[in-house]
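Enquirer: Everything below, folded, please.
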Amino acid sequence: MTGPQSSAPVDSSGSSGKRPWIRGTIKASHASGPPMVNWSKVQLMYRVYKSSGHGAAAAATVVVKVSNYTDTSALTNLTLNLKDFGNVAIGSVAPGSSAESAKIGPFPYPMIDKPLELKGTLNTSDCHVPVKLHLPVSMHFTPTEGLALEDVSAQLASPNWFSMSTKLPVTTGPEHVKSILSNFLRLAEVEHHLSGPSNGTFAGQSVGSGAQVRLLAKIKTDKVKIDLKVTNAQLAEEIVSDLKRLVL
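Expert: Alright, predicted model coming up:
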């Protein structure tokens with residue numbers, strides 16, 4: 001899964017100061033019922049919050065947002081049905097408007113350093129469509145505080161790191177990118193007062209496995225380049241996959 005199967009524009013409002021939005025997947029080609037809704041013009045996003053009270057295991061709660069970019073089709077009595085969880089009321093969503101659910105969950109992660117995929121359907125009074133929510137692997141992470149930039153440089157000189165790079169589009173404004181990355185990945189920015197607005201170095205680790213995560217970001221007006229260093233190759237791949245769903 002790499003993002004929503006939708007041509008609708010991304011609504012990135014509310015990205016600053018809150019948990020960031022993540023793109024969900026709507027399988028518009030698999031919709032059932034009368035063809036009353038053009039699901040390719042419906043957008044599914046969600047915010048993920050760490051849930052406490054589960055010991056060392058990661059768990060999350062979720063807020064879902066549905067935006068209706070159709071011209072004439074109201075999403076009447078919209079609900080989200082998640083496998084092994086049940087129905088969540090969202091309400092009716094008029095054309096050109098959005099609606100959010102209350103917090104739902106918690107959803108425990110069954111495996112250390114693995115993301116969690118939730119499958120279900122969006123349902124109106126007349127039809128339904130399959131959807132997926134991909135809860136990020138960063139719910140396993142905790143920030144690493146107190147490092148200096150020279151500490152990170154010394155650490156990365158060792159051969160114990162696996163490297164991956166990616167470029168991501170920026171739609172919320174470059175001034176928000178560093179706070180979104182830190183919030184989403186649960187990483188601490190290293191000596192932020194020395195980095196300036198166009199660069200950032202971030203550090204954290206997995207609570208369960210101890211795997212170390214370092215991220216270097218180079219930010220431009222419309223994109224950000226991410227250089228990721230992780231002491232676990234599979235975990236590095238999971239992080240990059242998660243980042244591609246993030247609304248920046």
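
Enquirer: To what extent is residue 76 buried, counted in neighbours?
Expert: Neighbour count of residue 76, defined by other CB atoms under 10 Å: 14. The C-beta positions use only the backbone N, C-alpha and C, and glycine is treated the same way.

Enquirer: Surely residue 45 is in contact with residue 19?
Expert: No: using CB atoms under 8 Å, residue 45 is not in contact with residue 19, being 11.2 Å away.

Enquirer: According to the record, where do the domains of the chain fall?
Expert: Annotated domains of the chain cover 22-135, 140-243 [automatic domain parsing].

Enquirer: and the residue of the chain positioned farthest from its centre, which of the three is it?
Expert: Largest separation from the mean C-alpha position in the chain: residue 34, at 31.6 Å (CA atoms, centre = their mean). With DSSP: H, G, I helix; E, B strand; the rest coil as the basis, residue 34 sits in coil.

Enquirer: Residue 31 and residue 129 touch, don't they?
Expert: Yes: using CB under 8 Å, residue 31 is in contact with residue 129, at 4.1 Å.

Enquirer: Spit out the residues that contact the two alike.
Expert: Taking CB atoms under 8 Å, 6 or more residues apart in numbering as the contact rule, the neighbours common to residue 31 and residue 129 are 37, 39.

Enquirer: Buried residues, whichever strand or helix holds residue 214. List them.
Expert: Under the criterion DSSP states H and E, the helix or strand holding residue 214 is strand 212-219. Across strand 212-219, burial judged by 16 or more other CB atoms under 10 Å covers 212-217, 219.

Enquirer: give me the low-pLDDT residue ranges for the protein?
Expert: Counting by pLDDT under 70, the chain shows low-confidence ranges at 1-17, 53-56.

Enquirer: Okay, buried residues for stretch 216-235 please.
Expert: In stretch 216-235, counting by 16+ other CB under 10 Å, buried: 216-217, 219, 224, 226, 228-232, 235.

Enquirer: Let me fix that, I meant to ask about stretch 95-103.
Expert: Using 16+ other CB under 10 Å as the burial criterion, the residues of stretch 95-103 that qualify are 98-101.

Enquirer: Stretch 185-198: end-to-end distance?
Expert: Stretch 185-198 has its terminal residues 18 Å apart, counting by CA to CA, to the nearest Å.

Enquirer: which residues touch that stretch?
Expert: With contacts defined as CB under 8 Å, 6+ apart, stretch 185-198 is touched by 50, 136, 138-139, 141-145, 147-149, 151-152, 174-175, 178, 181-182, 200-204, 213, 215, 218-220, 239, 243.

Enquirer: What subset of those is buried?
Expert: 50, 136, 138-139, 141, 143-144, 147, 152, 174, 178, 181-182, 200-204, 213, 215, 219, 239, 243.
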